[in-house]
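# With the input below, show me the fold.
(2 chains)
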Amino acid sequence: MNTRATIKIFQYLVMGVVAIIMFFPILWIITSSFKPLIEFNSYPPSLFPSHLYFENYTQLFLQSKIFIYLRNTLILIVGNTLGTLLSSSIVAYPLARMEFKGRDFIFGIILATMMVPTFVTIVPQYLLFREFGWLDTFLPLIVPAFFAYPYNVFLFRQFYKTIPKELDEAAKIDGCNSWQIFWRIIVPLSRPIFITIGVLSSIFWWNEFFTPLIFIDSENLKPLSVGSYSFSRTMFIIRWDLLMAMSTIMIIPPMILYLFTRRYIMEGVKTTGIK
Amino acid sequence: MMFKKNTGSKLLQREQRLAYLLLLPTFLVLIVVALYPLGLVFVTSFTDRTFASPREPNYVGFNNYAQLLSMTIRELPPLIDEETGLQAVDQKTGEPLYERPLRVLPREPRRYREVSQFSFFGKRYVLGASDPDFIKAVWDTLVFTVISVLLETILGLGIALVVNSPFKGRGVMRAAMLVPWAVITVVSARMWQWMLAPTRVGVINVILQGLGLGDGNIAFLSQPEWQLPALIMVDVWKTTPFMALLLLAGLQLIPNELYEAARVDGAGSFRQFISITMPLLRPTMAVALVFRTLDALRVFDLFQVMLAQSRYSMASYNYYQLIGNRAMGQASAIGVIIFIFIFIFAVAYIRLLGVKTD
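Okay, the predicted model is just below:
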């Protein structure tokens, strides 16, 4: 009983420390975004502003193209997430379920390409997309998603493998062909992995910095990640007040998305690559 | 019987054709975004091609690789004070003086510059490289990867174990646990840059000073000895939650009966951890380690945003060579080297931990 109580206390202690370390920086940003610049330098610093001050936000909206950046990010998220869900889910199906020559070899190639970092292949991609006339458009950022990303194919395949094969057999006896098995049995049972990949892809594209930095030049096509970076670089003096307001705006959507879909993410993670 | 077999093989053929048809789009994308670019990178790495220039590239053999990887170690002779005949000593610090590395390092066929100095059996040596920035970038990336992944795994495992055992507020904690991971890297880099600022603006300095540590003016991001620890801290802060999530999922897959049986046999919590949790968590941990290591090896935005090109990771050095110097041949050689590094790590992990793809 005594050791149990000690363990309990220890648990709460650990959780408390972890929680403070994790959340302090975020809290600090959010409260700071409501401080006037002058309070940023006050000493000793206080966590909360002396009064709620919204000027940072109005200034941010006036001085930066934040709404345009936000729109662009949303376009990238929707395009990529739709594309990858549609294509990867289909491509993974034969890899998980069908018998054909060279299947393991093909799967091996797909696994190997997962290891190739983007920045290694970015130059040839750049040149190729220039040939296509796609530079400074969303096309190089969205179109590849419609042809299935290896990583997501891998996750879908792992999930499909956990669905009992007997269901396929039964459907075959009832006269379903491969397509019908896919649409009527596999897809409805795969809801968790669809949601997991949807959320991961959304957070990834909310985050993605490198490829838009390379392919996008016009201010009006930049997503939030690149936009906020270039916005902070155009300042003569770093305006921490505006940056913190911008950061607050960028922190909140993924947090909400994550909180609502947490159960599905756990489910998806449990049944896929992490077996 | 004959008839049945026939339709079976026909069906099989149809299925094969459908499979290839469904795989076709992935093949296209693999060729366009992976295989063709990799091939081209490989070929370009043997030329002196410049980015966005009409000049015809020349074949230069292994020149780019030699330029990037050439290293040498030379002994630094002690500086002799002419009056005393003994080794000269710095007037202020009292440290013995040695010859300047620049005079010792070779200049032909390529010029070497200093990477670092070290002492060995009472003698002073200098490590020189023809591209010291690249050698430093490789070293920094490796140090960053090993330490941050190690810390993330240990802390993530601790958090996962605590969150997996029942206690009040567990649900909230599990939900809130991932919040730092959802903060985008550019924002978290900026925010830490601000909190780590060397003056009163930086809250970390204020807190440390309040605890009696430091003078309140530690320039975490511009003092070389603090740069890597600061970046590792930011990465650990951001990525530990993700690691904890993966490991928590792994923990939940371990059947409870095993623990019950162990308890009946009289095994304590520590024994249960060693004999049940660790071995059964190994596959999960292997996959998590592979993903995180490959991710850490290609770190770009943390270095790019927080250090503003005062110091590079492999990826940001590649970007600098390409965009800053337009040295496309050189950048391609860097790409090939990074790819080899990642490949070695991946194979080593798969061998060591026995990752199964099925």
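
# in a strand, that's where B:Arg311 is, yeah?
No: assessed with DSSP: H, G, I helix; E, B strand; the rest coil, B:Arg311 is coil; it does not lie in a strand.

# So it sits against B:Asp140, correct?
Yes: at 6.6 Å, B:Arg311 counts as touching B:Asp140 under the criterion of Cβ atoms under 8 Å. Any C-beta I mention is one placed from the backbone N, CA and C, and that applies to glycine too.

# So which bits of the stretch 51-200 of chain A are right by chain B?
A:87, A:90-91, A:93-95, A:98-101, A:103, A:106-107, A:109-111, A:113, A:115-125, A:127-128, A:144, A:146-150, A:153, A:161, A:178-179 (Cβ under 8 Å from any Cβ of the partner chain).

# run the last query once more with 6 Å
A:90-91, A:94, A:98, A:100, A:113, A:115-117, A:119-121, A:124-125, A:144, A:147-148, A:178 (Cβ under 6 Å from any Cβ of the partner chain).

# What about residue 156, how many residues nearby?
Here I'm looking at chain A. 29 (other Cβ atoms under 10 Å in any protein chain shown).

# nope, chain B
B:Gly156: 25 neighbours (other Cβ under 10 Å).

# Could you tell me what pLDDT the model assigned to it?
On pLDDT, B:Gly156 comes in at 91.

# do the one 5 residues further on as well
With respect to pLDDT, B:Leu161 scores 86.

# May I have the phi/psi pair for it?
Listed backbone geometry of B:Leu161 is phi -60, psi -40, with angles given as degrees, to the nearest 10.

# Helix or strand: which one has the closest residue to it other than its chain neighbours?
Nearest non-adjacent residue to B:Leu161, counting by Cβ to Cβ, 6 or more residues apart in numbering or on different chains: B:Leu251, 7.1 Å away. Using DSSP states H and E, B:Leu251 falls within helix B:224-252.

# cool, B:Arg124 as well?
strand B:123-129.

# same deal with A:His51?
Short version, using DSSP H and E: A:His51 is in no helix or strand.

# Ok, B:Asn217 next?
Short version: B:Asn217 belongs to no helix or strand, going by DSSP H and E.

# measure it to chain A for me?
13 Å (Cβ to the nearest Cβ, to the nearest Å).

# B:Glu108 too?
B:Glu108 is 31 Å from chain A, by Cβ to the nearest Cβ.

# Look at that residue and give its secondary structure.
Assignment for B:Glu108 (three-state DSSP): coil.

# Okay, buried residues for the strand holding B:Arg124 please.
B:Arg124, B:Tyr125, B:Val126, B:Leu127, B:Gly128, B:Ala129 (16 or more other Cβ atoms under 10 Å in any protein chain shown).

# Check stretch B:68-88 too.
B:Leu68, B:Leu69, B:Ser70, B:Arg74, B:Leu76.

# for stretch B:270-280, same thing?
Buried-residue list, stretch B:270-280, by 16+ other Cβ under 10 Å: B:Gln272, B:Ile276, B:Thr277.

# State whether the last one is indeed within a strand.
Meaning B:Thr277. No: B:Thr277 is assigned helix when assessed by three-state DSSP, not a strand.

# how much space between it and chain A?
On the measure of Cβ to the nearest Cβ, B:Thr277 and chain A end up 15 Å apart.

# Name the nearest residue to that residue, ignoring sequence neighbours.
B:Ile254 (6.7 Å).

# The first one now?
Leaving aside its chain neighbours, B:Gln272 sits nearest to B:Ala262 (5.0 Å; criterion: Cβ to Cβ, 6+ apart).

# May I have the phi/psi pair for that neighbour?
Torsion angles, degrees, to the nearest 10, at B:Ala262: phi -60, psi -40.

# so what's A:Ile68 up against?
Contact analysis of A:Ile68 by Cβ atoms under 6 Å, 6 or more residues apart in numbering or on different chains lists A:Asn220.

# And the pLDDT at B:Ala327?
B:Ala327 is given a pLDDT of 84.

# how far away is it from chain A?
For B:Ala327 relative to chain A (Cβ to the nearest Cβ), the value is 11 Å.
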